[in-house]
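>>> need the 3D shape of this:
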Amino acid sequence: MRLTSCDRGDTCRRGDVLPEAVQCLRRRACVALHFGPDGYLGLRRKLMPTAAERYLWGQGDGSTLPVVDTGAARLGAAICWENYMPLFRTAMYAKGVDLWCAPTVDDRDSWQATMRHIALEGRCFVLGACQYLRRDAVPAGLHPVQGDAPDTVLIAGGSVIVSPLGEVLAGPLRDGEGVLSAELDLDELARARFDFDPTGHYARPDVFSLHVDETARTGVISG
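Numbering: from 1, shown residues only. Have a look, this model is predicted:
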């Protein structure tokens, strides 16, 4: 599938355009797109841009918090530091996310602890993807604080796959580009949740509650 622009930035379908993605481009949103064997499944707009991202990206709203049922498993995504938002995680757990996708540029060792924690907390498989980037892959006019030598590593990677009980199944992949793969036993999801389910049998709705507003928000309302 490809992205093309629409007249006046309106949300529309032209050929094989992804209309929601076009709308995100108009809004300047940081987006995770979901795809399956048959094509496009949905998207997530990042709720809160991190640090300097706020110069470019806007805030998402609750209208794109999907957990997509692929038939085999339920797929969801948390973009970078959204993984640090406990209420967001709770909302996703309540939707029964099985495969938690976590794209990031955070290559620190502490991020690995976060990936394992989410797998254990949500009793889901976590697929963490972190870039590997060297200085010679960015435009010459940019001068990274890490240095200008062509082989200077700007983002060191750290992609990882974690089981619902926190076991690292593949990775972390560092110091180069590559592809991680692992065989996922989906029966492990039920076994892990029998032990702990944060929004099921281990929840206390008589003590704690969470309201999630999933309506679309806009700065201008007409009519």
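>>> which stretches of the chain have low pLDDT?
By pLDDT under 70, the weakly predicted segments of the chain are 1-27, 219-221, 223.
>>> mind listing the strands for it?
31-36, 39-45, 68-69, 74-77, 99-104, 125-130, 132-134, 153-162, 168-174 (DSSP state E).
>>> just how off-centre is the third one within its chain?
Yep, that's strand 68-69 we're talking about. Distance, stretch centre to chain centre, for strand 68-69: 14 Å (C-alpha atoms, centre = their mean, to the nearest Å).
>>> residues in contact with that strand?
H34, G36, L41, G42, R74, L75, G76 (C-beta atoms under 8 Å, 6 or more residues apart in numbering). All C-beta spots, glycine's among them, are computed from the backbone N, C-alpha and C.
>>> what does the longest one give?
Around strand 153-162, the neighbours that count as contacts under C-beta under 8 Å, 6+ apart are 105-108, 111-112, 115-116, 118-119, 125-135, 138, 144, 146, 168-178, 180-182.
>>> could you rerun that using 7 Å?
105, 107, 111-112, 115-116, 119, 125-135, 144, 146, 168-175, 180, 182 (C-beta atoms under 7 Å, 6 or more residues apart in numbering).
>>> would you show me how to pick out the buried ones of those residues in PyMOL?
In PyMOL, a selection of the buried entries from the contacts of strand 153-162 looks like this (16 or more other C-beta atoms under 10 Å):
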select buried, resi 105+107+111+112+115+116+119+125+126+127+128+129+130+131+132+133+134+135+168+169+171+172+173
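>>> and the longest helix for the protein?
In the chain, assigned by DSSP state H, the helix with the most residues is helix 109-122.
>>> how far off strand 168-174 does that one point, in degrees?
Interaxial angle, helix 109-122 versus strand 168-174 (axes from the mean of the first three to the mean of the last three C-alpha atoms, to 10 degrees): 160 degrees.
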